[in-house]
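>>> let's see this in three dimensions:
(one chain, ligands or ions: 1)
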Amino acid sequence: MNRLAFLAATLVLVAALIGVQHLTRVDPDQRNFEIFTEMAYSHAAESFSPNAHFADRKTLQPLVAGVVPRGTTPFPYGDGPDEARRAGEDLSDPLPEADDATAARGAELYRIYCALCHDARGEGRGPIVQHGMLPPPSLHAARALQMADGEMFHVLTRGQGNMAAYAAQLDPTERWMVVRHIRRLQREDQ
Ligand code: HEC
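The predicted structure follows:
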């Protein structure tokens, strides 16, 4: 009988403890008891901490050669006109057949990112030129007319001379849409 009373008292005490912990926990959405917490919280190394497991003793390891990070498109061309020409020989407009939505988006992106220098028609007299910047070459001049699509894509991706790269602002699809828009502007000439 005594043992039974002791057992009952212990159970009541444990139940009371669980109850108290339940009521006083900080975040009611979280679990109560955490036993063997190593299973929930792994001991991940900090990116910049030393690490004896690797030959260079660093935690953060460089990408293995040839790896393409998820969500990125490889662009194996460096800076400069020679690389731009090489891109021009290799790459062509990968977008599906022209449709109104793509055309409208290309025009919008051009208006947002390019027209301030190149102007709406591409003649190189955008508002910034009126504020003293050297005018960019006309996109209707021989050089831009003869530029291959891929070369123009390279100019947007890597920049050219005084013009900055637009790879950070426009993803590859958007850059091709803008190239198409320039082609449309050029066709309007003829
Ligand atoms: C801040 C001004 C500025 C902006 C914004 C700008 N460009 Fe340019 N762009 C230039 C200048 C300046 C050059 C000439 C660069 C050089 O060769 O030194 C140039 C050159 C070019 C060329 C090559 C033309 C040629 O004949 O060599 C293309 C194509 C071009 N830009 C397209 C674009 C597109 C598309 C955008 C928008 C995504 C854009 N640019 C945004 C200033 C700008």
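>>> what's the closest non-adjacent residue to Glu174?
Of all residues not flanking Glu174 in the chain, Leu109 sits nearest, at 5.6 Å (CB to CB, 6 or more residues apart in numbering). From N, CA and C alone the C-beta is placed, and that goes for glycine too.
>>> what strand or helix carries the one you found?
Taking DSSP states H and E as the criterion, Leu109 maps to helix 100-113.
>>> so what's the residue count around the residue nearest to Glu174?
Neighbourhood size, Leu109 [other CB atoms under 10 Å]: 19.
>>> do Pro94 as well
Pro94, neighbours per other CB under 10 Å, totals 11.
>>> try the one 10 residues further on
Other residues within reach of Ala104, judged by other CB under 10 Å, total 12.
>>> quick one: it from Met177, how far?
As judged by CB to CB, to the nearest Å, Ala104 and Met177 stand 9 Å apart.
>>> dihedrals phi and psi, the closest residue to the ligand within the chain?
Closest contact between the chain and the ligand, by CB to the nearest ligand atom, is at Gly161 (2.1 Å). When read as degrees, to the nearest 10, the backbone of Gly161 gives phi 50, psi -120.
>>> got it, and Thr72?
The phi/psi pair for Thr72 (degrees, to the nearest 10) is phi -110, psi 150.
>>> which helices and strands does the lowest-mean-pLDDT helix or strand in the chain pack with?
The helix or strand of the chain with the poorest confidence is helix 2-24; it has a mean of 89 (mean pLDDT, DSSP states H and E). Taking 3 or more CB pairs under 8 Å, 6 or more residues apart in numbering; DSSP states H and E as contact, there are no helices or strands that helix 2-24 lies on.
>>> how about the helix or strand following it: buried residues?
The element immediately downstream of helix 2-24 (helix or strand, assigned by DSSP H and E) is helix 81-90. Across helix 81-90, burial judged by 16 or more other CB atoms under 10 Å covers Ala84, Arg85, Arg86, Ala87, Gly88.
>>> tell me the one of these nearest Asp149?
Gly88 (7.4 Å; CB to CB).
>>> contacts only, for that closest one.
Contact analysis of Gly88 by CB atoms under 8 Å, 6 or more residues apart in numbering lists Met147, Ala148, Asp149, Gly150, Glu151, Met152, His154.
>>> hmm, try it at 7 Å
By CB atoms under 7 Å, 6 or more residues apart in numbering, the contact set of Gly88 is Met147, Ala148, Gly150, Glu151, His154.
>>> equivalent analysis for Asn51, please.
Ala45, Arg57, Lys58, Thr59.
>>> most widely separated two among the residues you listed?
Farthest apart among the contacts of Asn51 by CB to CB are Ala45 and Arg57. That separation is 11.7 Å.
>>> between the two, which one's more packed in?
Per other CB under 10 Å, whichever of Ala45 and Arg57 has more neighbours is Ala45, with 13 against 9.
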